[in-house]
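Trainee: Sequence first, predicted model second:
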Amino acid sequence: MASSDAAIEQDPTRPTTAADIKLTELGYKPELRRQYSQLAVTAIAVITCNSWGAVGGSLITGMAFGGPPTIIYGWLLVTFVSIFTALSLGEFASAYPTSAGPYFWVAAISPRHLVAPLSYLTGLLNLVAWIVTTSAATLFLAQCVMAMISLCTSDFVIERWMTFLVYTAFLLAGLTMATVGDRLMPKVVQLGLLFTALGCFVSATVVLATSSHKASAKDVFQTFINQSGWSSNGIAACIGLINPSFGFAGFDAAIHYAEEIKNPSIAIPRALISLVGINFVTGLFFFISIFFSVTNYDAVLATTTGLPLAEMYRQAGGLGVGVGLTFVVFIAGIPAMFDIFIATVRLTWAFARDNGLPFSDRLATVNAKLGVPLWAAVAIAVIEILLGVVYIGNTTAFSAFISSSLILNNLIYVVPILVNMVQGRQAVVYGPFRLKGIFGWLCNSIVCCWILFTVIFFQFPFFRPVTPANMNYTVVILMATVILGSGWFLLAGHSTYHGPESHITVQGVPHVNNQGTKGETKLVLVQTTGSQTAESQSLENSKIKK
């Protein structure tokens, strides 16, 4: 940690909750407000993924790689796999409720000699994935604004610099909410959950009611549209699964809020499971409704609005419906963008706290007045704006960053799962939520097989013949991240980053030390008073196993 060379003193004026005690046990000082209830953390999980909005915003991919059947049946498959993903991640989040997330999990369960490199690469990939996800969510809002203007003004030509300006404005709004508006976020995300549910219902109902021509059941459930250039419909469908997969992108958002949740060991697993159920219902209802209401897919693919979903709305119900429903998606997306921005900030702060980033001392600082990691928030805003500059210069390069987010996230999910499986699923000191016996092995195995599938097919070229403009650059982004990250670690990072470490001295309050064995937690209270100081101890949850 950034403060690993000094004793960490817990604020004696702060109530010592079970969640704070658990965090101290993991080696971290409670510094953030625990302001998120079970409902709020569920809202965070649901609106981050926002299935119908996320998949709708990227429909151009699914429409060219099979059309409605790929998206609908793919949605069933992706939801099925996501159940096991939620369960697998849930038991880690229950055991190690820290904003660090997957990289901490990897450090806690890996053999000592692999702790630093494995956890570092996991943290780096996780951070890059969230930076890219934040950029995608912000761009989506900007595209909604530009699409509404385009629909209302027939001769309006969208320029990339215009979209960039709107994109930057939303980033500044996100920065504001992540700093001075942080106390409002529990209410904001709950409103976002309401907007997401109502937005789905309103959108699906209106397009069905207003569309003058309905597609046939055969068109929706059987007609395969392959405009990818791939001669094999099977390969096209496998690549097209990236579209429904976007409905579960950002699965770990709630995990990075762990140090702000009142009972994270229970609340996060519940939120992840709820996310799958809510996403499935809203997504399926929306997709079937929109596909029965749209008949001209060529117009959708060739839209000048910059947002295929807006063209679908316009085609289904006319100009007024197109603008109105695009506005509904836009409103639902605002709390989601704020939520995603803050999740990225929390991961940045946590990684810096463990000396995983340049300028870690500054990035790991929590502003005393605001109670948030101010410099981490500013840093993320600057990085996102720079990514927006890439969008102005080259949309192909920008799209490459966006499309890489799924692969990056999937990779960081599979690392702790595999490390635990290799050790017989006995490496984790499990929390209250645990997958027992053969069921745990089944869940983990399904997730690993699915991620292997996505790592292979989601890096295939999207279209044939392959050109520089339509090439899938995900593999380039992935390899560049790994090579540059490894280079930094070998040259400089290895001297400062050794994995999460615990050096905690608690004055005047109980210090909880985990003295248990694998699979068993035994809490021992060490009471200190006045000037007495409890000697720093190695904590099994966060100290590297020998």
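Mentor: Here it is on my side, so go on. Since this is a predicted model, take the numbers as computed values, not measurements.

Trainee: I figured R314 hits G324, correct?
Mentor: No - R314 sits out of contact with G324 when judged by CB atoms under 8 Å, with a separation of 10.3 Å. (C-beta placed from N, C-alpha, C; glycine too.)

Trainee: So these two - more neighbours on which side?
Mentor: Between R314 and G324, R314 has the larger neighbour count (other CB atoms under 10 Å), namely 24 against 17.

Trainee: show me what contacts that one?
Mentor: Contacts were defined as CB atoms under 8 Å, 6 or more residues apart in numbering; by that measure R314 touches 151, 305, 321-322.

Trainee: what do you get for W441?
Mentor: Contacts for W441 (CB under 8 Å, 6+ apart) come out as 421, 425.

Trainee: ok but it is inside a helix, no?
Mentor: Yes - according to DSSP: H, G, I helix; E, B strand; the rest coil, W441 belongs to a helix.

Trainee: hang on, the earlier thing: inside strands: which ones of the contacts of R314?
Mentor: Using DSSP state E, no member of the contacts of R314 sits in strands.

Trainee: Among those, which are located in helices?
Mentor: Using DSSP state H, 151, 321-322 are the members of the contacts of R314 that sit in helices.

Trainee: Of these, which is the most crowded?
Mentor: G322 (25 neighbours).

Trainee: so what pLDDT did it get?
Mentor: We have a pLDDT of 90 for G322.

Trainee: That one and M148: what is the separation?
Mentor: Separation of G322 from M148 (CB to CB, to the nearest Å) stands at 8 Å.

Trainee: what do these two both touch?
Mentor: With contacts taken as CB under 8 Å, 6+ apart, the residues that reach both G322 and M148 are A310.

Trainee: still on that earlier bit, in the contacts of R314, find the pair that's most separated.
Mentor: When the contacts of R314 are compared pair by pair using CB to CB, the two farthest from each other are T305 and V321, 13.7 Å apart.

Trainee: Low-confidence stretches in the stretch 1-150 of the chain?
Mentor: Applying pLDDT under 70 to the stretch 1-150 of the chain flags the ranges 1-15.

Trainee: can you pull out the helices in it?
Mentor: 18-26, 38-49, 51-57, 59-64, 68-95, 102-109, 112-152 (DSSP state H, counting those that start in this stretch).

Trainee: how about those helices, which one is nearest L194?
Mentor: Nearest of the helices of the stretch 1-150 of the chain to L194, taken as CB to CB: helix 38-49 at 8.6 Å.

Trainee: before we move on, the earlier item: what is in contact with R314 and G324 at once?
Mentor: The overlap between the contact sets of R314 and G324 (CB under 8 Å, 6+ apart) is empty.

Trainee: ok, back up a step: any chance of TSV for the helices of the stretch 1-150 of the chain, columns distance to V422?
Mentor: TSV is the format used below for the helices of the stretch 1-150 of the chain (distance: least, CB to CB, whole Å):
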stretch	distance to V422
helix 18-26	23
helix 38-49	28
helix 51-57	33
helix 59-64	34
helix 68-95	15
helix 102-109	10
helix 112-152	11
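
Trainee: Can you say which of the ones you listed is nearest to F280?
Mentor: Within those, the stretch nearest F280 is helix 68-95; the backing value is 4.4 Å (CB to CB).

Trainee: buried residues in that closest one?
Mentor: 68-72, 74-75, 78-79, 81-95 (16 or more other CB atoms under 10 Å).

Trainee: Give the residue spans of the stretch 351-500 of the chain that score low on pLDDT.
Mentor: Judged by pLDDT under 70, no stretch of the stretch 351-500 of the chain qualifies at all.

Trainee: all strands for it, in order.
Mentor: Listed in chain order, the strands found in the stretch 351-500 of the chain under DSSP state E, counting those that start in this stretch amount to none.

Trainee: As a check, name the ranges of all helices in it.
Mentor: With DSSP H, counting those that start in this stretch as the definition, the stretch 351-500 of the chain shows helices at residue ranges 360-363, 374-393, 395-422, 437-457, 474-488, 494-496.

Trainee: Can you show me the CA trace of the fourth one as PDB?
Mentor: Backbone C-alpha positions of helix 437-457 (Å, rounded to 0.1, in the frame of the first residue of the first chain) are rendered in PDB as follows:
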ATOM      1  CA  GLY A 437     -18.700 -28.900  -3.200                       C
ATOM      2  CA  ILE A 438     -19.200 -29.900  -6.800                       C
ATOM      3  CA  PHE A 439     -21.400 -26.900  -7.500                       C
ATOM      4  CA  GLY A 440     -18.500 -24.500  -7.000                       C
ATOM      5  CA  TRP A 441     -16.400 -26.500  -9.400                       C
ATOM      6  CA  LEU A 442     -19.300 -26.500 -11.900                       C
ATOM      7  CA  CYS A 443     -19.800 -22.700 -11.700                       C
ATOM      8  CA  ASN A 444     -16.100 -22.000 -12.100                       C
ATOM      9  CA  SER A 445     -15.600 -24.400 -15.000                       C
ATOM     10  CA  ILE A 446     -18.500 -23.000 -17.000                       C
ATOM     11  CA  VAL A 447     -17.100 -19.400 -16.500                       C
ATOM     12  CA  CYS A 448     -13.700 -20.500 -17.600                       C
ATOM     13  CA  CYS A 449     -15.000 -22.300 -20.700                       C
ATOM     14  CA  TRP A 450     -17.100 -19.300 -21.700                       C
ATOM     15  CA  ILE A 451     -14.200 -16.900 -21.200                       C
ATOM     16  CA  LEU A 452     -12.000 -19.100 -23.400                       C
ATOM     17  CA  PHE A 453     -14.700 -19.000 -26.100                       C
ATOM     18  CA  THR A 454     -14.900 -15.200 -25.900                       C
ATOM     19  CA  VAL A 455     -11.200 -14.600 -25.900                       C
ATOM     20  CA  ILE A 456     -11.000 -16.600 -29.200                       C
ATOM     21  CA  PHE A 457     -14.000 -15.500 -31.100                       C
END
